[in-house]
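Peer 1: mind looking at a prediction? Sequence and model below.
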Amino acid sequence: MDYMEQPKDYAVNLIQHRQNIFSQHGEDGIIREVLRCLGVTTGWACEFGAWDGKHLSNTFNLIKNHDWKCVMIEGDPEKYTDLEVTAQQYSNIIPILSMVHHLEGKGRKLDDILSETEIPTDFDLLSIDVDSCDYHIWKSLWDYEPKVVVIEHSGLDAHIVQREGAIHKKDIDGSTSFWPIRELGDSKGYTLLCDTGNMIFLRNDLLDQMQAHKQQSIGEQNMLSGDLEYLGKKYGATKIDHALYLAVYEDAFQELRYKEGLRILEIGIDLGGSHKMWAEYFPNATIFGIDPFHLPESAFPKVGQPAGFREQLESEGIKTFKGNQLDRGDLQKFIDLYGADFDVIIDDAAHMPDAIQTSLGYLFPYLKNGGLYFVEDLLTAVSRQSRITQVNKNIEGLLDIPHVVDYHLVEAVEALRKNNTWISTVLTPEERKYLSENISTCEFLAGYQMCKIVKK
C-alpha cells in the first residue's frame, strides 16, 4: 500500500485481527472477526474481479475453510477459465462470466447478475475490486443490501471519483479515493469499520450486534471492550506495548474464550495487569500466576510491587504462588497446591534462556494434550544472556539461584526439527526426552519475539 503508512480502525478495533490466508492486506482475519461478532458461521458471499477465485481473494477462505457459497464474477474470458477450474473443485462456487458495470453497453449491472442466482437479497459479504468503477457499481446496487461490504479505494489524499474511460494507476481519476467511498457508504446506510486499503463497511442495522459483543461505542475509533487491547489498557498489562502479541493471542484463543473450566497459568505477575486481563477475557476460566514477589516498591519505585497487591489479586479470584521459575522445587510445590492439566501456559517472567528452558521442561508434562504453551520476549532473552553477569548481580539477594548460559529457544526448536532431539544444558535427560516426544508444533510469531508450542 503505497498510499498510506498504516491500516486504520474507524468504528471498532479490528486491525489487530489482520490475517492473510488468501487476502492481501489481512482482510481474511478481519472479516472472520466481524462475522464472529455477528454470529455468522456460514453464509453467502459475492466477489467480482474474481480471477481464479483464489488469488488475493477476500472470500475464498470462507469458501474453502468454512463451507460458504459464493457468486464469483469474472469479466475476462481467459481468467474466467481459471475460475471454472476452481469452481470444479469447490461446488459451493457459482462462477459467472460477465463484465460488471453501472452503465448500459459497458457491461451488466450487479443487480441483474445476482437476480439470476439464489443469493439472498441481504447476503452476508460483498467484495468489490475491479480497479476502476468500484464506487459506481456499489452506488448502482439497489436490490441487494449485503451485511458487510469490502471495497478498494485508490488513496487518502484527494477527493476523487472515478471518471469513465480513465485508466487505473495511470490517470489520477482512474479509480475512486477514500473519501467519496466513505460518503457513499454513509448515504447507503453503512458504517466504515476499518481500512486496510480495502474499506470494510457494516450495514447500520447490525451495529447493535457488534455492541452485543461488548463494543464500548461506535463512531469514534473506540474498541470492543472484550478485545485484549482494550482489556490490556484497562488493567495496565505490559502486553499492550506489543500489539502483535495481542493479535497472536486473539487468534489463538477465539475458540477457547468461553470454554468452561479452563485453567490458564501465566508465569511472571509483575503488577497483575495481564492476569486481570485474562480473568475478564476468559469469563469461565481460573487464572494462575507464579512470581517471586521480590520487587519491593521501596527499592523499585517504577516497577515495584506495592504492599497488598497480591492479596488484591487473590480477592479477585486469581490464584497466585510465590516461587522462582528456575527452581524445580517451587514449581512442584505449585503443582502440589493447584494441580495439573493446564489448558494454556504463558511464560512472561525472567526472559532468560535457562529460566525459559527450566519452566518449559518441568511444566510441559502438566499441560493438557493439545494445550498451548507460549513464550514471550525471545529477543530480550538473547540480550539478557549476553549480559548474564550483570543480570546475576542485579538479582543478588533477591533470588537464590543464579542464571547460567543455556541454548536459546530458537536453537532448541531448530535441533528438534532437524534431529528430533531437544537441546538444553539445564534440563534433565528425562525432561529433554519428554519435550522431544510430546511437542506437536512450534511456531515463532510476532517477528520471532514469541513462540507458540502445541502439545500432542
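Peer 2: Looks like it arrived, so ask away.

Peer 1: in what helix or strand does residue 137 lie?
Peer 2: In this assignment (DSSP states H and E), residue 137 forms part of helix 134-139.

Peer 1: show me what the helix or strand that that helix is followed by is packed against.
Peer 2: Scanning forward in sequence from helix 134-139 by DSSP H and E, the next helix or strand is strand 148-152. On a contact count with 3 or more CB pairs under 8 Å, 6 or more residues apart in numbering; DSSP states H and E, strand 148-152 meets helix 27-38, strand 125-128, helix 134-139, strand 198-203. Heads up, the C-betas are built off the backbone N, CA and C, glycines and all.

Peer 1: from the chain's centre, how far out does the helix or strand following strand 148-152 sit?
Peer 2: Of the helices and strands lying after strand 148-152 in sequence (DSSP H and E), the nearest is helix 178-187. Offset of helix 178-187 from its chain centre (CA atoms, centre = their mean, to the nearest Å): 28 Å.

Peer 1: which residues touch helix 178-187?
Peer 2: Under the criterion CB atoms under 8 Å, 6 or more residues apart in numbering, residues 134-135, 138-139, 149, 151, 153-156, 159-161, 191-192, 195, 199, 201 lie in contact with helix 178-187.

Peer 1: next, the angle strand 148-152 makes with it.
Peer 2: Interaxial angle, helix 178-187 versus strand 148-152 (axes from the mean of the first three to the mean of the last three CA atoms, to 10 degrees): 160 degrees.

Peer 1: which SSE is immediately downstream of helix 178-187?
Peer 2: Heading C-terminal from helix 178-187 (DSSP H and E), you reach strand 190-195.

Peer 1: can you list the strands that that following strand pairs with?
Peer 2: Partners of strand 190-195 in the sheet, by DSSP bridges, are strand 8-9 (antiparallel), strand 198-203 (antiparallel).

Peer 1: picking that back up, only the buried subset of the contacts of helix 178-187, as a ChimeraX command please.
Peer 2: Those of the contacts of helix 178-187 that count as buried under 16 or more other CB atoms under 10 Å are selected in ChimeraX with:
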select :134,135,138,139,149,151,153,154,155,160,161,191,192,195,199,201
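
Peer 1: run a quick neighbour tally on residue 105.
Peer 2: Using other CB atoms under 10 Å, residue 105 has 5 neighbouring residues.

Peer 1: that one and residue 15, how far apart?
Peer 2: Between residue 105 and residue 15 the distance, using CB to CB, to the nearest Å, works out to 40 Å.

Peer 1: do residue 369 as well
Peer 2: 34 Å.

Peer 1: show me which of those two is the more surrounded one.
Peer 2: residue 15 (21 against 10).

Peer 1: what's the longest strand in this protein?
Peer 2: Of all segments of type strand in the chain, defined using DSSP state E, the longest is strand 367-375.

Peer 1: for that one, which helices and strands make contact with it?
Peer 2: Checked by 3+ CB pairs under 8 Å, 6+ apart, strand 367-375 has helix 243-253, strand 342-347, helix 353-363, strand 450-455 packed alongside it.

Peer 1: make CSV from these and add mean pLDDT and distance to residue 206 to it.
Peer 2: Shown next, in CSV, are the helices and strands packed on strand 367-375 (pLDDT from 0 to 100; distance: least, CB to CB, whole Å):
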stretch, mean pLDDT, distance to residue 206
helix 243-253, 82, 21
strand 342-347, 98, 32
helix 353-363, 98, 43
strand 450-455, 95, 33
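
Peer 1: take these and lay them out in TSV including mean neighbour count and distance to residue 419.
Peer 2: Formatted as TSV, the helices and strands packed on strand 367-375 follow (neighbours: other CB atoms under 10 Å; distance: least, CB to CB, whole Å):
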stretch	mean neighbour count	distance to residue 419
helix 243-253	19	27
strand 342-347	23	24
helix 353-363	25	17
strand 450-455	20	17
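
Peer 1: can you tell me which of those is nearest to residue 51?
Peer 2: Closest to residue 51 of the helices and strands packed on strand 367-375 is helix 243-253 (CB to CB; 27.1 Å).

Peer 1: next helix or strand past that closest one?
Peer 2: Next along the chain from helix 243-253, counting by DSSP H and E, comes strand 262-267.

Peer 1: quickly run through the sheet partners of that following strand, with directions.
Peer 2: Here strand 262-267 is paired, per DSSP bridges, with strand 285-291 (parallel), strand 342-347 (parallel).

Peer 1: residue 175: neighbour count?
Peer 2: 25.

Peer 1: okay, it: pLDDT?
Peer 2: Residue-level confidence at residue 175 comes out at 78, pLDDT.

Peer 1: ok, the one 4 residues further on next?
Peer 2: Reading off the confidence values, residue 179 has pLDDT 82.

Peer 1: with residue 376 instead?
Peer 2: Confidence score, pLDDT, at residue 376: 95.

Peer 1: likewise for the one 10 residues further on?
Peer 2: pLDDT for residue 386: 88.

Peer 1: what do you get for the one 3 residues further on?
Peer 2: Note on residue 389: pLDDT of 92.

Peer 1: tell me which element it falls in.
Peer 2: Residue 389 belongs to helix 388-395, assigned by DSSP H and E.

Peer 1: just want the angle from that helix to helix 353-363.
Peer 2: Using the same axes, to 10 degrees: helix 388-395 against helix 353-363 is 70 degrees.
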